[in-house]
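> Pasting the sequence and the predicted model now:
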Amino acid sequence: MEIKKSYLKCEVSEGMFSNEKGVSFKDIKGRDIPGFWPNDCIKNGLLEVRVFEVGKENSLIFGPFTDGGGYGFFQGRGFYVSNDLIELSD
């Protein structure tokens, strides 16, 4: 399986520390999914993600792979999101 590096449109806020940001998006069930990620994983309101499954309308995404601890989404690791929220990289 090829894992594609892509970007997720999300709300971005200040993190607890200067080297991180808070992010939030809605999954396909309408649940708000918040989390914290390092600044270098977020650019212009887009969070770097990995897409594991691409469907016709929805895709399964996971957050960035990071070496540091303490980062992630609060409700789990992988989420199905609308493809409208994803920008695929080349």
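Yep, it's here.
> Only C-alpha atoms from now on, for both contacts and neighbour counts.
OK.
> which ones are touching the closest residue to Asn39 other than its chain neighbours?
If the residues on either side of it in the chain are set aside, Asn39 comes closest to Glu20, at 4.8 Å by C-alpha to C-alpha, 6 or more residues apart in numbering. Shown in contact with Glu20 (C-alpha atoms under 8 Å, 6 or more residues apart in numbering): Glu14, Phe36, Trp37, Pro38, Asn39.
> give me the number of residues near the fourth one?
Close neighbours of Pro38, defined as other C-alpha atoms under 10 Å, add up to 20.
> Specify which member of the contacts of Glu20 is nearest to Ile28.
The shortest gap between Ile28 and any of the contacts of Glu20 belongs to Phe36, at 20.2 Å (C-alpha to C-alpha).
> wait, isn't that closest one in contact with Phe17?
No. Using C-alpha atoms under 8 Å, Phe36 makes no contact with Phe17, being 10.0 Å away.
> mind listing what the closest residue to Ser82 other than its chain neighbours touches?
By the measure of C-alpha to C-alpha, 6+ apart, the closest residue to Ser82 outside its immediate chain neighbours is Asn58, 4.5 Å from it. Contacts for Asn58 were tallied using C-alpha under 8 Å, 6+ apart; they are Ile28, Tyr80, Val81, Ser82, Asn83.
> again with Leu60
For Leu60, the residues meeting the contact criterion (C-alpha under 8 Å, 6+ apart) are Val51, Phe52, Glu53, Val54, Gly78, Phe79, Tyr80, Val81.
> so what's the third one bridging to?
Beta bridges link Glu53 to Leu60 when assigned by DSSP bridges.
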